[in-house]
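> Just the structure for this:
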Amino acid sequence: MSVAEPRRIVLFRHAKADWPQVTDHERPLADRGRQDAAVAGRKLTDTGIPVDLALCSTATRTRETWKLAVHEFPHRPKTVYEERIYEASPGELIALLNETADDVRNVVLVGHNPGIEGLAEVLSGAAEGDARERMTRRGFPAAAFAVLAFEGSWKSLEPGTATLVDYWAPSE
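Below you'll find the model as predicted:
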């Protein structure tokens, strides 16, 4: 694959979590979260983006979100459960994405706020249509995702180098 071909990053926040008496890392999805995760998976499929790699936080709610969402995909991408995504800042998430091999074209990153929303804001130097306005208005609620496009190698990904091309939230 040429590094000049456009790449896509799907920033996907975990679905609504429950609040049982467990550590934050071990919080499972709420009933609504399980429903929203499956709907988000269908909406991701509708984008037509062939996901090559999923990077998913090791937290219970992100793993459950991804398991329900990917079930809707026509082909399951390689999934890497990455503990560095939990509580990561936008800069730490960029550093993680910079490690992606250049033969990978499209990545979904399943994580948490405020890191996911911050990363979408930091990376998107431009936006198509009303995607930025919708994301700004809605914020980044549980089960929302943003699709960003950029050209170049993964090592060249840095603030402002991507275009926000799509945004979806469960209430959209």
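
> Helices along the chain, start to end?
Using DSSP state H, the helices of the chain run over 31-46, 60-70, 90-98, 115-123, 131-138.

> Among those, which comes closest to Thr23?
Nearest to Thr23, of all the helices of the chain, is helix 60-70, at 9.4 Å by Cβ to Cβ. C-beta coordinates here come from the backbone N, C-alpha and C atoms, glycine included.

> thinking again about what came up before, want to throw the helices of the chain into JSON lines with mean pLDDT, mean neighbour count and distance to Lys155?
Formatted as JSON lines, the helices of the chain follow (pLDDT from 0 to 100; neighbours: other Cβ atoms under 10 Å; distance: least, Cβ to Cβ, whole Å):
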{"stretch": "helix 31-46", "mean pLDDT": "97", "mean neighbour count": "18", "distance to Lys155": "26"}
{"stretch": "helix 60-70", "mean pLDDT": "98", "mean neighbour count": "23", "distance to Lys155": "25"}
{"stretch": "helix 90-98", "mean pLDDT": "98", "mean neighbour count": "17", "distance to Lys155": "5"}
{"stretch": "helix 115-123", "mean pLDDT": "97", "mean neighbour count": "22", "distance to Lys155": "14"}
{"stretch": "helix 131-138", "mean pLDDT": "95", "mean neighbour count": "16", "distance to Lys155": "26"}
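
> Including distance to Phe150, could those go into CSV?
Converted to CSV, the helices of the chain look like this (distance: least, Cβ to Cβ, whole Å):
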stretch, distance to Phe150
helix 31-46, 18
helix 60-70, 23
helix 90-98, 10
helix 115-123, 8
helix 131-138, 15
